[in-house]
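**Q** Quick one, structure for this:
(one chain, ligands or ions: 1)
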Amino acid sequence: MEQERILIVDDEIVLSRSLAIAFEGKGYEIATADSGEEAITLLETFSPHLVLLDLRLPGMNGIQVLEKISAWNREVPVIIMTAYGDTQTTVQAVKRGAFNFINKPFELEDIRLLVGQALEDRNFRKEYEYLKYQQRRFYRFSDLVGQSPEMKEVYKQIDILSHAGDTTVLIRGQSGTGKELVASAIHYRSKRNKAPFIEINCASLPETIIESELFGYEKGAFTDAKKDKKGLLELGDNGTVFLDEIGDMPLPAQAKLLRFLEKKQFKRLGSGRDIKVDVRIVAATNKNLETAIKNGEFRQDLFYRLNVITLYMPPLKERKDDILLLADYFLNEFCRDMKKPPKKISEPVKQIFTRYPWEGNVRELRNVIERAVIFTKGDTIETKVLPPEFKQGTGLHEKPVMEHDSETPAPDPGHDLKTAMDQFENRIIRNALEKAKGNKTETGRILGISRFALNRRMERLNIILPPG
Ligand SMILES: Nc1ncnc2c1ncn2[C@@H]1O[C@H](COP(=O)(O)OP(=O)(O)OP(=O)(O)O)[C@@H](O)[C@H]1O
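**A** Numbering: from 1, shown residues only. Reported below is the predicted structural model:
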């Protein structure tokens with residue numbers, strides 16, 4: 001069993017020696033320091049599980065040492081050994097996070113008891129954190145709702161893929177179909193689940209940032225690189241890195257990713273040194289990558305590398321059985337989160353839901369339910385709380401996304417300002433997308449906003465480009 005390491009910081013050598021003798025060999029390993037400065041050096045080299053700290057020290061005072069210890073590791077309990085007349089500083093120390101204090105002179109039995117309690121408390125916390133982590137892990141898998149034959153097929157594939165070790169997986173499907181949830185389910189059910197699941201969205205990050213995020217950089221690689229930084233691939237060692245919207249990854253980063261997939265190693269920006277990591281790549285896209293390859297926007301060799309195993313997420317409208325199940329699930333979730341009494345969905349709303357095309361898929365359904373919960377006072381979700389496109393029957397989602405409005409329409413009467421503004425913004429963006437033939441960079445230029453800002457707005461307003 002690993003011994004618990006205790007660091008004793010006191011300038012009274014006799015006291016720290018006798019404490020060391022009392023603890024040493026009884027399941028504890030001891031280091032002593034007679035100044036704050038020495039204690040701080042020992043944090044790195046000795047890496048204590050607990051610190052016994054005298055507040056009156058030569059040089060750096062005890063409170064400063066305490067602060068350094070908690071900055072190094074908040075989890076390490078510190079017991080203050082306090083002398084007569086130190087009440088104020090002791091109170092200050094306890095306020096700043098010291099576990100407890102003991103008055104000098106003390107009986108050995110008392111300090112043993114206190115040390116035991118502090119370590120038990122620390123271990124309990126660690127266990128609690130682990131349980132919370134486990135719970136999150138299972139929670140994340142049970143997050144996937146749906147009993148349609150299509151979803152059952154997805155569960156089967158998740159099961160197979162979680163046991164397929166390192167194989168790269170490409171998840172394809174329209175936006176909002178749950179690709180990210182599936183990626184995390186694969187990770188948390190795999191043997192990698194104790195290591196991190198790291199997500200990076202290739203469409204929402206500016207081009208210049210993607211490479212430094214993924215591969216990290218060395219100090220001086222560019223003007224702002226003031227110190228070395230690990231990339232996500234390094235941070236995700238032994239785990240899974242989820243590359244969302246891979247179809248939007250810029251070509252230079254694609255070349256580097258390909259090299260990584262082939263060799264399992266990469267270089268930080270500005271460095272010549274190869275770094276080897278054990279990371280599983282799961283990528284997702286809602287783009288037609290075959291078209292992107294034809295247009296020279298996506299590397300064919302990278303496509304083959306990623307496309308080892310492909311999992312298709314069916315659009316919501318193709319699994320009608322799941323619509324009401326998901327609606328109920330989100331309804332319960334939002335009522336609980338917003339601390340509102342439970343609600344049910346009226347028959348007319350259910351009928352509208354099953355007929356609606358759900359081009360924004362599960363994400364759109366979730367947003368609609370959230371809005372409905374906010375606007376519903378009673379216990380039933382009625383048609384009146386649905387967004388305008390549901391009521392009019394010929395709303396935005398039933399028009400092809402690229403249809404061009406000849407003039408900017410006035411907001412529909414009777415809606416609150418936020419809804420009216422959203423409608424307005426929605427139409428302006430759609431017009432610009434039409435003019436730019438769906439090219440987001442060009443659309444951003446027309447609107448005078450970055451591609452990044454455009455993506456955020458499209459996501460908020462549920463504007464979806466047709467595939468291809
Ligand atoms: N089967 C499902 N069960 C429960 N919630 C789901 C399911 N599918 C999707 N969701 C929820 O819908 C929202 C969108 O899902 P997610 O982000 O996984 O979609 P996506 O396909 O990755 O979208 P994008 O391509 O836009 O990144 C999330 O809030 C997610 O929790």
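**Q** and the residue of the stretch 1-150 of the chain nearest the ligand?
**A** Proximity of the stretch 1-150 of the chain to the ligand (CB to the nearest ligand atom) peaks at V145, 3.6 Å away. In short, each C-beta sits where N, CA and C put it, glycine included.
**Q** shouldn't that residue be in contact with L326?
**A** Yes - V145 is within contact range of L326, at 5.4 Å (criterion: CB atoms under 8 Å).
**Q** Show me which of the two is the more surrounded one.
**A** L326 (22 against 17; other CB atoms under 10 Å).
**Q** Neighbours of the nearest residue to D34 once chain neighbours are set aside, how many?
**A** Closest residue to D34 apart from its sequence neighbours, by CB to CB, 6 or more residues apart in numbering: D11 at 4.7 Å. Using other CB under 10 Å, D11 has 15 neighbouring residues.
**Q** Write out the residues of this structure neighbouring the ligand.
**A** By CB under 6 Å from any ligand atom, the part of the chain that sits against the ligand consists of 143-146, 173, 175-181, 244, 284, 286, 326, 362-363, 366.
**Q** Can you report how many residues lie near E245?
**A** 20.
**Q** quick one: contacts for the closest residue to it other than its chain neighbours?
**A** Nearest non-adjacent residue to E245, counting by CB to CB, 6+ apart: A203, 3.8 Å away. Going by CB atoms under 8 Å, 6 or more residues apart in numbering, A203 touches 244-245, 248, 455.
**Q** can we see that at 6 Å?
**A** By CB atoms under 6 Å, 6 or more residues apart in numbering, the contact list for A203 reads 245, 248, 455.
**Q** what's the answer for T310, then?
**A** The contact partners of T310, by CB under 6 Å, 6+ apart, come to 170, 172.
**Q** Bridging across strands, which residues link to it?
**A** L170 (DSSP bridges).
**Q** Check the gap between it and Q157 for me.
**A** 10 Å (CB to CB, to the nearest Å).
**Q** Hmm, Q3 is touching E29, no?
**A** Yes - applying CB atoms under 6 Å as the test, Q3 and E29 come out as touching, 4.5 Å apart.
**Q** Among the two, which residue is more densely surrounded?
**A** Comparing Q3 with E29 by other CB under 10 Å, the one with more neighbours is E29, at 16 against 13.
**Q** Need the pLDDT of T408.
**A** In the prediction, the pLDDT value recorded for T408 is 40.
**Q** Mind giving me the ChimeraX command for buried ones among the residues of the chain next to the ligand?
**A** Here is the ChimeraX command that selects the buried residues among the residues of the chain next to the ligand (16 or more other CB atoms under 10 Å):
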select :144,145,146,173,175,176,177,178,179,180,181,244,284,286,326,362,363,366
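**Q** If we ignore the residues flanking it in sequence, what's nearest R445?
**A** A436 (7.8 Å).
**Q** tally of neighbours for that neighbour?
**A** 16.
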